[in-house]
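> Structural data only, the sequence is not supplied:
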C-alpha cells in the first residue's frame, strides 16, 4: 500500500459524501448547503486524490459524471417491462368517459388518482443495481431503447447512488427536460458563438441526450423528474403511487413537487384548471396533466391495452393556435393509396415550433371548412400532433382565392383516381406500381415494428427505387454491398452494415411479417392476434380462402365466420384480409420473400381442450428451460401466459431468483408453482 493510502481513501470517501450531499440538496431538494466556490474546491481536491491514486476512483464518484471517450453509437437496450405510452383525453368529456370506465371496472362510485404534470421532455429508464446507477436508456419504441448511460451521468439531479436501503435491482422511469432559464441561457450562448439556436426546450433536451460525446451533454442545463417504476428484483411494491413516489424521494431521486392527489373526477378537473392557470409561470414546459389510479392493486385489476394502460390517461392542454396564409395545396399518396391534401403555409411559430405544412385531412373536410387557397387560416398544433388547419378567417379572404379540387389522376403515377360514393378518401389503384405507394410500403416493411431492418431510411430507400434495385419487398434481400456502394454517400463499412442488417432480418416472426406486409386495417396488435390464433401462415391463408368461397352465400352478419372468430377482427378487417389473401399477386410476393430466405417459426396455438385451458400464468425467475419454451408448453396445453400478476392470475410459475412477481402473487393469494408442480399440471388429464 502506498504511504498515506489509508488517509487518502478516507479523505476521498469523505469528499464523495459531502459532494453527493451537496448535489442532492441543490438539484433535488432545491436547498443549497454550500456555495459554488466551496463545491468546486472540494471537487478539485477529490480529482487530485483520484489522479494520484486511480484505485480511489468509484463509478458513483461525482468526478465520474463526465468522463471517457465518445461512444460512437448507442447500443440497443431491451426493456424488461415495456415503456408504454398513454391514451390522451383532449377535452373534459373524454376525461369523464375515462373516469367512468375506471369506476365501472373497479365497481366503485369514485376513485383516488395521482395527478402529475405532463412534462414536455424525453422519457428515460434508469437502472440501479445494489443502489448504483449502472445503465440509462431512452424509451425507443417502448420495447427497446438506446443506451445513453454516459450522457445521463452528466445530470446533477440524477443520483449515481441511491440513498438508504436499495433493492438488488430496480429500474426507475422519468422525464429529462430543460428548464426555461437554462434554455434561454443556452440559446444566448449559441447565438454569441454564431451557432444555430434551438426552437424549443424539448428539442434542445433531445439533442443533448443524443450527443455522441457526453462532454457536450454536460454543457446542457438538463433536469430530471422520476414518476414510475420499471422492472425490479427483491423489491416489494407499496400499496399506492403516493407511497412509491415517497420511496423515490427517500432514495434521493427528484420527484415533481407539483404532484397532487385527487379524490374523484371533480377534484381531478380542479387540478387541471389549477395547473393550466399556473402553466405560464412554471419554470419548465408542461403540455397537460396525467391521471393515474393511485392504488397499485386496482391498476392490476384494470389491466392494460396493447400500447397503453387502462388505469391512466393524459388530459392534454388546449392546442395552441396561430394565423397564417394558405399558399398552396399539394396531394400526397400514402402506403395504401390514400390521396391526402397537405396545406403549404407561410411559416408561422405555433405550439413551440415553426410550422409550414399542415394536414387538411380529406376533400370533404376542406368543403366543410370552406378552405380556399389564398385564405388566412387558423393553424392548430398540440405537442407532437401533426398541425392542422382548424378554420378560415372568412372576412380576410382575398378576391383571387381559389377552390381546392381533387386531382383526377394520381400525382405520383398518373393513374385514374378512384373514389366510391360513400368513401371519404380518394385512392390511387396502382398499388406497388405507384412509386409513392412503393416507397411508403417498403419503408413500412423495414420499420422497427415490422421486419426491423436497421439503416434503411427514407433517402436510401428512394435511391434504391430510383436506381431500379427494389420494386417489391423481396428485392431488398438481393441488395449487395457492391450495389449499395454505387449509391450516393455510401461507403464500404456502411454498405456492409446494411447488408448484415438485411441478412439478420430474414429471421422474423409471423406477427412481424403480417404487419410488415401492409394489409389495410391490420395494425401491429391485429397482426399479433392473427398469429396467435392461427399459428401458421398457411392456416390463416386457408381460413381467408374458405371465408372468400362462402362470402356470397351468407348474410352480412354471418360473413367471414373463420376470421371473425378471432379477437379484434370485425367485418371490415375480415374483408381486407380476404381481399389480400385472395390476390394471387400478393401470394406470389410472399413466396418470393420465402425464396429470398425470409422465414419465421410457427406459433404455438392454445388448445381449447388442454389441461390448462382457460387458466392464466405468469412466469418469473430462472427455470430449467428457457422462458419462451416454458410459455410455449403452457400455451400448447391451453393456458395463457401474461406479463403481470393480478387477481385474475391463476398461477405464478417461479424459478430461482424469482423477485417482485412472486412477492405480489403471495400478497394477492395467487398460487405459486415450482418447476415440478408445473410439470404435473402439464401432464394432468384434460378436464371433461
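Arrived safely, thanks for sending. Keep in mind that this is a model prediction, so the values were computed, not measured.
> List the residues that contact the spatially closest residue to residue 490 that is not a sequence neighbour.
With Cβ to Cβ, 6 or more residues apart in numbering as the criterion, residue 490 has its nearest non-adjacent residue at 5.1 Å, and that residue is residue 484. (Each C-beta comes from the backbone N, C-alpha and C, glycine too.) Residues in contact with residue 484, defined by Cβ atoms under 8 Å, 6 or more residues apart in numbering, are 490, 494, 495, 498, 499.
> is it true that the fourth one lies in a helix?
The reference is to residue 498. Yes - looking at residue 498 with DSSP: H, G, I helix; E, B strand; the rest coil, it is inside a helix.
> That one - how many residues pack around it?
By the criterion of other Cβ atoms under 10 Å, residue 498 has 21 neighbours.
> Figure out the helix or strand that the closest residue to it other than its chain neighbours lives in.
Excluding the flanking residues, the one nearest residue 498 by Cβ to Cβ, 6+ apart is residue 455, at 4.8 Å. Assigned by DSSP states H and E, residue 455 belongs to neither a helix nor a strand.
> One more: residue 464?
Assigned by DSSP H and E, residue 464 falls within helix 458-466.
> now that helix: how far from the chain's centre is it?
The chain centroid and the centroid of helix 458-466 are separated by 26 Å under Cα atoms, centre = their mean, to the nearest Å.
> quick one: contacts of it?
If you take Cβ under 8 Å, 6+ apart as the criterion, helix 458-466 is touched by 435, 438-439, 442-443, 446, 470-471, 476, 479, 487-488, 490, 498.
> What are the buried residues along that helix?
Residues 460, 461, 463, 464, 465 are the ones in helix 458-466 that count as buried (16 or more other Cβ atoms under 10 Å).
> before we move on, what about stretch 363-381?
Across stretch 363-381, burial judged by 16+ other Cβ under 10 Å covers 363, 366, 369, 371-381.
> that's a helix at residue 45, yeah?
Yes - counting by three-state DSSP, residue 45 is part of a helix.
> roughly how far apart are it and residue 415?
From residue 45 across to residue 415, the span is 74 Å (Cβ to Cβ, to the nearest Å).
> before we move on, what about residue 141?
In this view, residue 141 and residue 415 are 34 Å apart by Cβ to Cβ.
> Who has more neighbours out of those two?
Shown here are residue 141 and residue 415; by other Cβ under 10 Å, residue 415 has more neighbours (17 against 14).
> gap between the more buried one and residue 287?
Residue 415 sits 41 Å away from residue 287, going by Cβ to Cβ.
> now residue 600
Plainly put, residue 600 is 40 Å away from residue 287 if you go by Cβ to Cβ.
> For the stretch 201-350 of the chain, which segments count as helices?
Assigned by DSSP state H, counting those that start in this stretch, the stretch 201-350 of the chain shows helices spanning 201-209, 214-217, 241-250, 264-278, 296-302.
> Now tabulate the ones you listed in CSV and tack on mean pLDDT.
As requested, those are arranged in CSV below (pLDDT from 0 to 100):
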stretch, mean pLDDT
helix 201-209, 82
helix 214-217, 78
helix 241-250, 96
helix 264-278, 94
helix 296-302, 91
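> Looking at those, spot the one closest to residue 351.
For residue 351, the closest of the helices of the stretch 201-350 of the chain is helix 201-209, at 10.9 Å, according to Cβ to Cβ.
> quick revisit: how many neighbours does the residue nearest to residue 498 have?
Residue 455, neighbours per other Cβ under 10 Å, totals 15.
> Check residue 514 too.
Residue 514: 25 surrounding residues under other Cβ under 10 Å.
> so it makes contact with residue 529?
No - using Cβ atoms under 8 Å as the test, residue 514 is too far from residue 529 to be in contact (9.7 Å).
> list the residues that contact both of those two?
By Cβ under 8 Å, 6+ apart, no residue touches both residue 514 and residue 529.
> starting at the chain centroid, how far to stretch 578-596?
31 Å.
> Contacts for that stretch next, please.
So stretch 578-596 is in contact with 472-474, 477-478, 506, 513, 517, 519-520, 537, 540-541, 544-545, 547-548, 551, 560, 563, going by Cβ under 8 Å, 6+ apart.
> at 6 Å instead, please
Counting contacts by Cβ atoms under 6 Å, 6 or more residues apart in numbering, the residues outside stretch 578-596 that touch it are 472, 474, 477, 519, 541, 544, 547, 548.
> Kindly report the same for stretch 329-345.
Residues contacting stretch 329-345 (Cβ under 6 Å, 6+ apart): 324, 326-328, 356-358, 360, 373, 389, 404, 407, 411-412, 425-428, 436-437, 440-441, 444, 518, 520.
> Please list only the buried members of those residues.
For these, a burial check counting by 16+ other Cβ under 10 Å picks out 324, 326, 358, 360, 373, 389, 404, 412, 425-428, 436-437, 440-441, 444, 518.
> Could you tell me which of those residues belong to helices?
436, 437, 440, 441, 444 (DSSP state H).
> In CSV: those residues, plus pLDDT and distance to residue 676.
Below are those laid out as CSV (pLDDT from 0 to 100; distance: Cβ to Cβ, whole Å):
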residue, pLDDT, distance to residue 676
436, 94, 59
437, 95, 56
440, 94, 53
441, 95, 50
444, 95, 46
